[in-house]
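>>> let's see this in three dimensions:
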Amino acid sequence: MLLPTAKASVTEKQPVVDAMLDACGATYHVTPAGGFLVAANSLVEMHRIMQETAERHATLIQAFARTLSCCTTLQRRISVWADLLRDIDSRRKRVAEEERHRFQNRGLHLAQLLDLMEDENTARSAVKEECWGEYMALQHSFQEQMEVLLVQVVVSSVCKREKQLHLTRQQNCREKLDMIRGYIRQRVEQHRARLDSVVEAQLGGRNQRQGAQELARAHAHLLREREQSELRRRKFEAAMERTRSKSESSRAAREEAVHASKEKLWRRHHQNRAARERLQQARDDFNETLQAQVLLQDMEAKMTRQVKDEIASFRRQETEHVAQRLRQERQRGDEAAIRAAKAKERKTMQHELRLRQAKEEEERRKRHAMQKQLDMQQRERRAAERLERAREQQKRRLMRELIGVEASLRKLPLYEHRAGRTSLRANRCDDQLGEPLVLTSGKKTYTRILSESSLRGLFEYHATKPRAGSPYPYATPGR
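Sure, this is the predicted structure:
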């Protein structure tokens, strides 16, 4: 039962409620107190209409969200494609400008290339002549140094041989002196032994006089022998002194000779070391010259290969340019032929279209003339039927709206208005809307519509918009 509010009068509410119930097509009765009694089947119909309206609204909300996401994605893609097109256009212009500049300056580049090749050939010839002159000079100097070294080696071998002979002579002289000294010592020992035997024989005789004479003679002989031995000793000492002085002088001479030979050997060692250093320097210079010559040959081969590559690339670029120009001319001719064929076909189609339109216009005039010949009574009857259907539709629409108003009055509102702000009501259980359908297995199923929690989530999303600029409005790529 729908009752008017305390603030609204009956005269204000009744026309509105009548219109709503008539639009919904509901069956109702008006009470004397100003209320309305609505039939149960009308309430069910109004409930069904409310479900359809809610489902349609949810579908519209989802479609709006998807459309908004698609629009955002399309805007981003359009901006990216615009940037790409601008970049491609700028690159095309730059390449065209470079190609035009290269085509204009190809003669200058060719002249520069020829000048560079001539300068390189001149420099290569100069470097080759200079290196060959240095190589010949190094060859002559190396030959002279080798001759000097050979002479020095021969001289050093001769000096070594002379030194060996001198040392051999000194050794022979020393051995001879030792042999003479041993012989003299042996003779003195033999003479002393003979004198002792003579003295013993004189002392042991039977005749004392004879023994005395013999003793005197022996004594005299002994004295004479002693004098002779002393004389021989003095001679031997003088000879030994002469030999010693001679050996001292020879030793001093030998020391001087050894010192001179050492100095000579030291000088020869320095000369040999200097010669070895000069020989090593000559070898190093020769190796450096060979390395420079090899490096020069490598540079020549590299420059020749580079020049050949540049000439081949220049010819290839010229060939590609000519081929590209021929392709462009052929493509332009094909495009012109295609455009002419398309223009001819377009003219033919336009002519056929004009003929078809004229024919259709003629038929339309004929149909219009036949339509005018219809019976006015039949047209009036159709107009009356249309008015009746419109009235019935208006009545059913009013009843649906009345059912919706009643449902909104019976149930708590989905949205709450507090402190000038609209928000969703919390803690509302989601009831199943609609009658269940019993399947063949005995289970019940319901019409799949959006629940109040889903509507609440959609409302919160569109109220807060946490991902308004994201291409994924309802979920992230990770979920």
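>>> any weak-confidence spans in the stretch 251-400 of the chain?
The stretch 251-400 of the chain contains no residues with pLDDT under 70.
>>> could you redo the last one with a cut-off of 90?
Applying pLDDT under 90 to the stretch 251-400 of the chain flags the ranges 251-354, 356-360, 362-400.
>>> could you pull out the helices in it for me?
376-410 (DSSP state H, counting those that start in this stretch).
>>> same check on the stretch 51-200 of the chain?
Taking DSSP H, counting those that start in this stretch, the helices of the stretch 51-200 of the chain run over residues 106-203.
>>> and the pLDDT at Gly205?
Turning to Gly205, the model gives it a pLDDT of 53.
>>> next one: the one 10 residues further on
What the model reports as pLDDT for Leu215 is 71.
>>> what about it, neighbour count?
By other CB atoms under 10 Å, the residues close to Leu215 number 17. In short, each C-beta sits where N, CA and C put it, glycine included.
>>> what of the one 5 residues further on?
One way to gauge burial is a neighbour count; for Ala220, by other CB under 10 Å, it gives 10.
>>> burial of Phe64, as a residue count?
Neighbours around Phe64, by other CB under 10 Å: 12.
>>> ugh, wrong one, Arg106
Arg106, neighbours per other CB under 10 Å, totals 14.
>>> distance of the closest residue to it other than its chain neighbours relative to Arg396?
Once flanking residues are discounted, Arg106 sits nearest to Glu318: 7.7 Å by CB to CB, 6 or more residues apart in numbering. Going from Glu318 to Arg396 by CB to CB, to the nearest Å gives 85 Å.
>>> repeat for Ile184
Distance from Ile184 to Arg396, by CB to CB: 175 Å.
>>> neighbour-wise, which of the two wins?
Neighbour count, other CB under 10 Å: between Ile184 and Arg396, Arg396 has more, with 19 against 13.
>>> can I assume His29 sits in a strand?
Yes. Under DSSP: H, G, I helix; E, B strand; the rest coil, His29 sits within a strand.
>>> what sits against it?
Phe36, Leu37 (CB atoms under 8 Å, 6 or more residues apart in numbering).
>>> please report how far it lies from Thr59.
Taking CB to CB, one finds His29 at 36 Å from Thr59.
>>> strands of this structure, start to end?
28-30, 36-38, 415-418, 421-424, 437-438, 444-445 (DSSP state E).
>>> mind listing what's buried in the second one?
So the one you mean is strand 36-38. Phe36, Val38 (16 or more other CB atoms under 10 Å).
>>> what's it packed up against?
helix 10-24, strand 28-30, helix 376-410 (3 or more CB pairs under 8 Å, 6 or more residues apart in numbering; DSSP states H and E).
>>> chain center to it, what's the gap?
Remark: strand 36-38 is offset 83 Å from the chain centroid, using CA atoms, centre = their mean, to the nearest Å.
>>> burial count for the nearest residue to Gly404 once chain neighbours are set aside?
Nearest residue to Gly404 in three dimensions, chain neighbours excluded: Met50, at 5.0 Å (CB to CB, 6+ apart). Burial of Met50 is recorded as 19 neighbouring residues (other CB under 10 Å).
>>> please renumber the chain so that the first residue is 212 from this point on.
In the new count, where the first residue is 212, that last one comes out as Met261.
>>> double-check Met261 against Met610; I have them as touching.
No. Counting by CB atoms under 8 Å, Met261 stays clear of Met610, with 11.5 Å between them.
>>> which one of the helices and strands packed on strand 247-249 lies closest to Glu574?
Among the helices and strands packed on strand 247-249, helix 587-621 comes nearest to Glu574, with 22.2 Å by CB to CB.
>>> any buried residues in the closest one, and which?
Buried-residue list, helix 587-621, by 16+ other CB under 10 Å: Lys606, Arg607, Arg608, Leu609, Met610, Arg611, Glu612, Leu613, Ile614, Gly615, Val616, Glu617.
>>> ok, stretch 275-288 next?
For stretch 275-288, by 16+ other CB under 10 Å, it's Ser280.
>>> can you show me the CA trace of that stretch as PDB?
C-alpha atoms of stretch 275-288 as PDB (Å, rounded to 0.1, in the frame of the first residue of the first chain):
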ATOM      1  CA  PHE A 275      30.900   3.100 -20.200                       C
ATOM      2  CA  ALA A 276      34.000   2.000 -18.300                       C
ATOM      3  CA  ARG A 277      35.200  -0.200 -21.200                       C
ATOM      4  CA  THR A 278      34.500   2.600 -23.700                       C
ATOM      5  CA  LEU A 279      36.500   5.000 -21.500                       C
ATOM      6  CA  SER A 280      39.400   2.600 -21.200                       C
ATOM      7  CA  CYS A 281      39.400   2.000 -25.000                       C
ATOM      8  CA  CYS A 282      39.300   5.800 -25.600                       C
ATOM      9  CA  THR A 283      42.300   6.300 -23.300                       C
ATOM     10  CA  THR A 284      44.200   3.400 -25.100                       C
ATOM     11  CA  LEU A 285      43.300   4.800 -28.500                       C
ATOM     12  CA  GLN A 286      44.500   8.300 -27.500                       C
ATOM     13  CA  ARG A 287      47.800   6.900 -26.300                       C
ATOM     14  CA  ARG A 288      48.300   4.800 -29.400                       C
END
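>>> ok, back up a step: got CSV for the buried residues of helix 587-621, with distance to Asn252 too?
Shown next, in CSV, are the buried residues of helix 587-621 (distance: CB to CB, whole Å):
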residue, distance to Asn252
Lys606, 15
Arg607, 13
Arg608, 17
Leu609, 16
Met610, 11
Arg611, 13
Glu612, 17
Leu613, 14
Ile614, 11
Gly615, 16
Val616, 18
Glu617, 14
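>>> circling back to that earlier point, closest to Ala449 out of the helices and strands packed on strand 247-249?
That would be helix 587-621 among the helices and strands packed on strand 247-249, by CB to CB, at 167.5 Å.
>>> what is that closest one packed up against?
If you count contacts as 3+ CB pairs under 8 Å, 6+ apart, helix 587-621 packs onto helix 221-235, strand 247-249, helix 251-315.
>>> tabulate those (TSV), appending mean pLDDT and distance to Gly544.
What follows is the helices and strands packed on helix 587-621, written out as TSV (pLDDT from 0 to 100; distance: least, CB to CB, whole Å):
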stretch	mean pLDDT	distance to Gly544
helix 221-235	69	71
strand 247-249	72	82
helix 251-315	84	21
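>>> these: which one's closest to Arg597?
helix 221-235 (17.4 Å).
>>> what is the neighbour count of Gln504?
16.
>>> hmm, it is touching Glu341, no?
No. In this structure, Gln504 is not within contact of Glu341 by CB under 8 Å, at 10.9 Å.
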